[in-house]
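**Student:** the following block contains a protein sequence and its predicted model.
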Amino acid sequence: MGTLLQRLSIEADGRYFTPEERHRILSEAESLPRRLAAAENLERIEEAALRSVIEEMQGRYPNFARYHDQAWARQFRDMQLVLRAAASAMILDDPAEMDDRLLYWLRTMFAANNYTPDFVRDCFSRLRDVVRERLESPSADRLTPYLDRAVRVLADFPEPATAAV
């Protein structure tokens, strides 16, 4: 809602909002309770979803912990940050909100620590899928585009010379 309001405010500088602009603002405001409810539903399942993904990834990537101090605890935290950023971006109805705030920085950290794009894609794709499985459809449908974006952005870096996963 902030992005739409900011844009409309800039466009209407020095004048009153048009009837169409007022309608767009009200329409955006009407969907806010549903977006907040989806974020609340995500909060309820967050811990169990994250633990489920970590357990699955531990089986798929048994050597990951050898390369990184507190590897799985940090991966849990990173996935938690992404879920919370996705919820915030969904509430604001701004998919790009996550990029500068978290995703670009996190992607840089993954690359610097010699993660592979496949590992990152696997972790965050599975996180998206587990959220979809555990949330009711309206909430899952609202969050999925943001989690899809996280997968695309986070896994978009070159293969490391020496993989550490």
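**Tutor:** Okay, I see it.

**Student:** contacts, neighbours, all on C-alpha from now
**Tutor:** OK.

**Student:** so after the helix or strand where His23 lies, what's the next helix or strand?
**Tutor:** Using DSSP states H and E, His23 sits in helix 19-60. Per DSSP H and E, helix 19-60 leads on to helix 64-67 as the next helix or strand towards the C-terminus.

**Student:** Leu147: neighbouring residues, count only.
**Tutor:** Applying other C-alpha atoms under 10 Å, we find 26 other residues in the vicinity of Leu147.

**Student:** so the nearest residue to it once chain neighbours are set aside, which state does it fall into?
**Tutor:** Take Leu147 and drop its neighbours on the chain: the residue closest to it by C-alpha to C-alpha, 6 or more residues apart in numbering is Arg128, 5.7 Å away. Classification of Arg128 using DSSP: H, G, I helix; E, B strand; the rest coil returns helix.

**Student:** let me know the average pLDDT across stretch 5-14.
**Tutor:** Averaged over stretch 5-14, pLDDT sits at 89.

**Student:** contacting residues around that stretch?
**Tutor:** Contact partners of stretch 5-14, identified using C-alpha atoms under 8 Å, 6 or more residues apart in numbering, comprise Phe17, Glu21, Ile25.

**Student:** ok, Leu92 to Tyr146 distance?
**Tutor:** Distance, Leu92 to Tyr146, using C-alpha to C-alpha, to the nearest Å: 11 Å.

**Student:** just give me the residue closest to the centre of the chain.
**Tutor:** Ala86 (3.3 Å; C-alpha atoms, centre = their mean).

**Student:** find the nearest non-adjacent residue to that residue, please.
**Tutor:** Distances taken as C-alpha to C-alpha, 6+ apart put Tyr146 closest to Ala86, at 5.4 Å, once the chain neighbours are dropped.
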